[in-house]
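[1] here you go, sequence then predicted model.
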Amino acid sequence: MKIGFCGTMSVGKTTLVNTLKELPEFKEYEFKTERSKYLRDLGIPLNTDSTLKGQFVFLAERASELFHSNIITDRTVVDVMAFTRLAESIPYYIADEICQAASHLIKEYDYIFYISPKGVEIEDNGVRTTDAEYRKDVDKEIKNLLNKYGHKNQRIVKLTGSVEERVQKVKQTLFS
């Protein structure tokens, strides 16, 4: 299965993926987590400063993950689409074209787990922005994109609560 977690920054996507990695139920899966610090150190701008070239790099990473049979990733093409739409240097008509093209990859995921920011404080990891309004904008855009491009046969599941509650919901969804 191809399982992706999506959501705005600082909602616990990477924490959740790293927690699942330790569980025996997921021993057959490959795990991918975003490399924001590495990419930033390469000179690729992040967040509102993202550029067209940078978003293509992020999209290529997400697309390459979809070549794997059993994968769990802490980002999806939906995340890339949302950040592309909100990048200040990318004109809206170009962002629309990228999103339209990227939307064809959404159906590749067997499950997309959307993680709500509700009740989760923004954590400063030294890479992502801690701008609360931008975080809300990203969340709103992700929800809009999921509504617009989510496929009827696709399983999109909302996660809230503690890491333990999220793990239980993921296990219940996948193994029930």
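    Right, received. Where do you want to start?

[2] ok, residues contacting stretch 16-32?
    With contacts defined as Cβ atoms under 8 Å, 6 or more residues apart in numbering, stretch 16-32 is touched by 3, 5, 33, 65, 68, 70-75, 115, 159, 163, 166-167, 170-171, 175. Heads up, the C-betas are built off the backbone N, CA and C, glycines and all.

[3] make it 6 Å
    Outside stretch 16-32, the residues that touch it by Cβ atoms under 6 Å, 6 or more residues apart in numbering are 33, 65, 68, 70-74, 163, 166-167.

[4] residue 78 should be in a strand, yeah?
    No - counting by DSSP: H, G, I helix; E, B strand; the rest coil, one finds residue 78 to be helix, located in no strand.

[5] neighbours of residue 158, how many?
    Neighbourhood size, residue 158 [other Cβ atoms under 10 Å]: 13.

[6] quick one, phi/psi of it?
    phi -90, psi 130 (degrees, to the nearest 10).

[7] now residue 138
    Torsion angles, degrees, to the nearest 10, at residue 138: phi -60, psi -40.

[8] got it, and residue 174?
    Per-residue torsions, residue 174: phi -80, psi -30 (degrees, to the nearest 10).

[9] give me the neighbour count for it.
    Neighbour tally, residue 174, other Cβ under 10 Å: 18.

[10] same question, residue 104
    By other Cβ under 10 Å, 10 other residues sit near residue 104.
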